[in-house]
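[1] below: sequence and its predicted model.
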Amino acid sequence: MNGASRAKGWMPRIISTPPMIRSFLLLLALSGLSCSNIESNQGTTPTPNVVLIFADDLAYADIGSFGATAYTTPELDKLASQGARFTNFYVSQPVCSASRSSLLTGSYANRLGIHGALGPSNTHGINADETTLAELFKTKGYSTAIFGKWHLGHLPEFLPTQHGFDEFYGIPYSNDMWPFHPENPEAWPDLPTLEGTAIGGTNVVGYNTDQSRFTTDFTNRTVQFIEKNAAEHKPFFVYLAHPMPHVPLFVSEERAGKSGAGLFGDVIQEIDWSVGQVTSTLERLGIEENTIVLFISDNGPWLSYGNHAGSAAPLREGKGTAFDGGVRVPFLVSWPGTINSGSEVSTPAMTIDIFPTIAEILDAPLPDKPIDGKSIWSLMNGSQTEPVQEAYFFYYNRNELHAMRSGKWKLNFPHSFRTMAGREPGKDGIPGKYDYSATVGLELFDLEADIAETTDVSSQYPDVMERLMKLADAKRTELGDALQGIEGTENREPGRSTPPNTTQ
C-alpha cells in the first residue's frame with residue numbers, strides 16, 4: 001500500500017467471491033480498520049496518531065544525520081533512517097514565538113500579529129479566532145496535549161487549553177525568562193510551571209529554581225499520554241515542545257556527563273534519549289505504523305552563548321537573522337510503512353506547510369481565514385519533488401522582510417543584522433557581545449552552489465532578480481514590510497488582554 005492510498009483511506013477489493021464469504025470478509029476488514037480509523041460523513045478516513053517534537057534553538061548541524069560529530073544521536077539517526085530527512089526546511093522567523101505561531105497555524109507570524117519572543121510583561125498572544133493544529137485534530141475526534149514550552153501568550157486566555165489542547169504541562173515562555181538571567185535578572189519574575197492554567201505540577205511546587213528535570217518530565221508525560229490513549233483506542237496528537245537547548249542549559253542527573261562533549265552535548269543527547277522513549281513506546285504498544293513522528297527545531301543557534309550554543313555549519317549566521325543559519329533547521333518525519341525509509345528531500349519547505357499537510361492526511365477542512373502554507377504530503381511520500389510553493393518569505397524584527405527563497409535562489413533585502421564575527425563568544429552560560437552594526441545589501445545567492453551565502457550573483461541573473469522582486473512586492477502588499485513603511489492589507493490582530501492588577 002503506497003502513501004497516497006493510505007492518505008485517502010483504503011478498503012480491500014473483493015472479486016468473484018460468494019455473497020456469504022464476501023460479507024464475512026468485508027466485516028473482517030472493517031473491524032481491522034476500526035482501531036486506526038473513525039467514521040465521517042464522507043466515509044472511512046485515516047486517523048494516524050501524530051507526535052510533534054519541537055526543540056528550541058537546536059541548530060541545523062546539531063544532530064548526527066545533519067553533521068554533528070562531537071557526540072552521537074542514535075535515536076534521531078534511527079528516526080531519519082525510518083522516514084524522510086528534509087535538508088532545505090525552514091522556519092518563518094528566527095525567533096521563538098513567531099516561529100511557533102507559524103508551526104501551529106500554517107500562517108506567517110506577521111499575518112497573525114505575533115512578533116519576536118513574548119514574555120511575562122506582554123498582554124497579547126494568539127487570537128482565539130485563529131485555528132491551531134490542536135483544534136484541527138479536535139475536529140476529527142483526537143485527544144490532544146502539549147508538554148513543554150508554549151510561548152504564545154502567558155495569560156489564561158492564551159494558554160494551550162484555550163486553543164484546542166486537552167492537556168498542558170509546561171512553561172508559558174522561554175526558560176531564560178527568570179530571575180537567574182545572566183545579564184538582566186531583575187527584569188524577570190519567577191518562571192512558573194503550569195498544569196493547565198494553574199501553577200504547580202510534578203516538576204516543581206510553584207516556581208522553578210532548577211530545570212534539570214524538564215526534558216525528562218516532559219518526555220515522561222508524553223509517554224503516559226500515548227499509553228493512556230492507546231489503551232483507550234483513541235487517536236491522539238501530542239506536541240512535545242522541549243525548552244532546550246535554549247539557554248540556560250540543564251540536564252538530568254542520570255544523563256549528566258555522558259556525551260563527552262560538555263553540557264551542550266549532554267543536553268542534545270538527552271533530547272535524543274527523549275525521542276527514543278517516544279518511538280520505543282510506540283513500538284511496544286504496536287502502534288508505530290499508525291503514528292506519524294515529526295522532529296523540528298524553532299530556529300538556529302544562539303551564537304553569542306559560545307559553548308552553550310550549537311552549530312549551523314556550513315550555513316551562515318544563526319538565531320535572530322534571516323540567513324540560513326537562523327531559519328534553516330533539521331526536519332525529520334517518520335510514518336513506517338507509508339513514508340519511504342531513508343529518503344532525503346532537498347526541495348524547500350517550511351513549518352507553515354505542516355498544518356495543511358496534516359489537514360490533507362486527515363481529510364480535514366482548512367480554516368475559513370487565509371493561511372500561507374500548502375500541503376507537502378507529496379514531498380513526504382516521494383510522489384513529487386517540485387516545490388509546492390513558488391517562494392518562502394522570512395520576516396523578522398517587527399515585520400521587516402529580510403529575505404526570501406525560491407527554488408535554489410535566496411534573495412536578501414537590505415537590512416542590518418547581528419553577528420558574532422570577529423567577536424569573543426560566550427562561555428558556560430554567559431553570552432558574548434553581538435555586533436549589531438553589520439549590514440547586507442540587495443544580494444542574490446545560489447544556495448546549491450553557495451550554501452554559506454558568500455557570493456552575490458544578482459548582476460548575473462537579472463531575470464531571476466526581476467521575478468523575485470515582483471513576488472516580494474506582492475507579499476509586501478499583502479503582509480507589509482516595516483523597512484519600506486508598508487503596513488499590509490491582510491495582517492490580523494493578535495489576541496489582546498488587560499491583565500488583572502496583581503503582582504506576579
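    Sure, I can see it.
[2] if you count neighbours, what's buried in stretch 327-338?
    By neighbour count, with 16 or more other Cβ atoms under 10 Å as the criterion, the buried positions of stretch 327-338 are 327-336, 338. Placement of C-beta: from N, CA and C, glycine included.
[3] swap that for stretch 283-297, please
    Buried residues in stretch 283-297, counted by 16+ other Cβ under 10 Å: 285, 287-288, 290-297.
[4] would CSV of the residues you listed with pLDDT be doable?
    As requested, those are exported to CSV (pLDDT from 0 to 100):
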residue, pLDDT
285, 98
287, 97
288, 97
290, 97
291, 98
292, 98
293, 98
294, 99
295, 99
296, 98
297, 98
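[5] any idea how far residue 92 is from residue 396?
    9 Å (Cβ to Cβ, to the nearest Å).
[6] now swap in residue 103 and tell me
    For residue 103 relative to residue 92 (Cβ to Cβ), the value is 9 Å.
[7] now for those two: what residues contact both?
    351-352 (Cβ atoms under 8 Å, 6 or more residues apart in numbering).
[8] isn't residue 103 up against residue 296?
    Yes: using Cβ atoms under 8 Å as the test, residue 103 is close enough to residue 296 to be in contact (7.3 Å).
[9] intersection of neighbour lists for these two?
    In contact with both residue 103 and residue 296: 54, 91, 351, using Cβ under 8 Å, 6+ apart.
[10] returning to what we had before: I'd like the buried residues of stretch 327-338 as JSON lines, with pLDDT, secondary structure and distance to residue 119 appended.
    As requested, these are exported to JSON lines (pLDDT from 0 to 100; DSSP: H, G, I helix; E, B strand; the rest coil; distance: Cβ to Cβ, whole Å):
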{"residue": "327", "pLDDT": "98", "secondary structure": "helix", "distance to residue 119": "22"}
{"residue": "328", "pLDDT": "98", "secondary structure": "strand", "distance to residue 119": "26"}
{"residue": "329", "pLDDT": "98", "secondary structure": "strand", "distance to residue 119": "23"}
{"residue": "330", "pLDDT": "98", "secondary structure": "strand", "distance to residue 119": "27"}
{"residue": "331", "pLDDT": "98", "secondary structure": "strand", "distance to residue 119": "27"}
{"residue": "332", "pLDDT": "98", "secondary structure": "strand", "distance to residue 119": "30"}
{"residue": "333", "pLDDT": "98", "secondary structure": "strand", "distance to residue 119": "31"}
{"residue": "334", "pLDDT": "98", "secondary structure": "strand", "distance to residue 119": "34"}
{"residue": "335", "pLDDT": "98", "secondary structure": "coil", "distance to residue 119": "36"}
{"residue": "336", "pLDDT": "97", "secondary structure": "coil", "distance to residue 119": "40"}
{"residue": "338", "pLDDT": "96", "secondary structure": "coil", "distance to residue 119": "40"}
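[11] can you tell me which two in those are farthest apart?
    327 and 336 (29.6 Å; Cβ to Cβ).
[12] can you give the domain ranges for the protein?
    For the chain, automatic domain parsing gives the domain ranges 46-390, 393-484.
[13] including distance to residue 490, could those domains go into a markdown table?
    As requested, those are exported to a markdown table (distance: least, Cβ to Cβ, whole Å):
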| stretch | distance to residue 490 |
| --- | --- |
| domain 46-390 | 7 |
| domain 393-484 | 5 |
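[14] deepest of those domains, which one?
    domain 46-390 (a mean of 21; mean count of other Cβ atoms under 10 Å).
[15] between the shared contacts of residue 103 and residue 296, which is nearest residue 153?
    Distance to residue 153 across those (Cβ to Cβ) is lowest for residue 54, with 16.9 Å.
[16] tilt between the longest helix seen in the chain and strand 328-334?
    The longest helix of the chain (DSSP state H) is helix 262-284. Counting by axes from the mean of the first three to the mean of the last three Cα atoms, to 10 degrees, helix 262-284 points 20 degrees away from the direction of strand 328-334.
[17] what is helix 262-284 packed up against?
    strand 49-55, helix 74-82, helix 214-231, strand 291-297 (3 or more Cβ pairs under 8 Å, 6 or more residues apart in numbering; DSSP states H and E).
[18] can you put these in JSON lines and add distance to residue 404?
    Formatted as JSON lines, the helices and strands packed on helix 262-284 follow (distance: least, Cβ to Cβ, whole Å):
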{"stretch": "strand 49-55", "distance to residue 404": "24"}
{"stretch": "helix 74-82", "distance to residue 404": "28"}
{"stretch": "helix 214-231", "distance to residue 404": "35"}
{"stretch": "strand 291-297", "distance to residue 404": "20"}
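[19] wait, residue 439 sits on residue 415?
    Yes: using Cβ under 8 Å, residue 439 is in contact with residue 415, at 7.1 Å.
[20] for residue 104, give me its contacts.
    Taking Cβ under 8 Å, 6+ apart, one finds 126, 132-134, 152, 355 in contact with residue 104.
[21] let's see 7 Å
    132-133 (Cβ atoms under 7 Å, 6 or more residues apart in numbering).
[22] look up phi and psi at it.
    Main-chain torsions, residue 104, degrees, to the nearest 10: phi -90, psi -10.
[23] then residue 98?
    phi -60, psi -40.
[24] same check, this time on the one 4 residues further on
    Per-residue torsions, residue 102: phi -70, psi -40 (degrees, to the nearest 10).
[25] now it. Nearest residue, chain neighbours left out?
    residue 92 (4.0 Å; Cβ to Cβ, 6 or more residues apart in numbering).
[26] state the pLDDT value of that neighbour.
    At residue 92, the model reports a pLDDT of 98.
[27] could you verify that residue 410 is part of a strand?
    Yes: counting by DSSP: H, G, I helix; E, B strand; the rest coil, residue 410 is part of a strand.
[28] what's the closest non-adjacent residue to it?
    Nearest residue to residue 410 in three dimensions, chain neighbours excluded: residue 445, at 4.5 Å (Cβ to Cβ, 6+ apart).
[29] check the secondary structure at the one you found for me.
    Residue 445 - assigned by three-state DSSP - is strand.
[30] tell me the pLDDT at residue 39?
    Taking residue 39 on its own, its pLDDT is 37.
[31] typed the wrong thing, it's residue 3
    Here the pLDDT value assigned to residue 3 is 39.
[32] name the residues that touch stretch 231-245?
    Against stretch 231-245 from outside (Cβ under 7 Å, 6+ apart): 35, 38, 47, 49-58, 134, 137, 141-149, 170-171, 175, 214-215, 218-219, 222, 225-226, 229, 264, 267-268, 271, 310.
[33] that's all I had, so thanks and see you.
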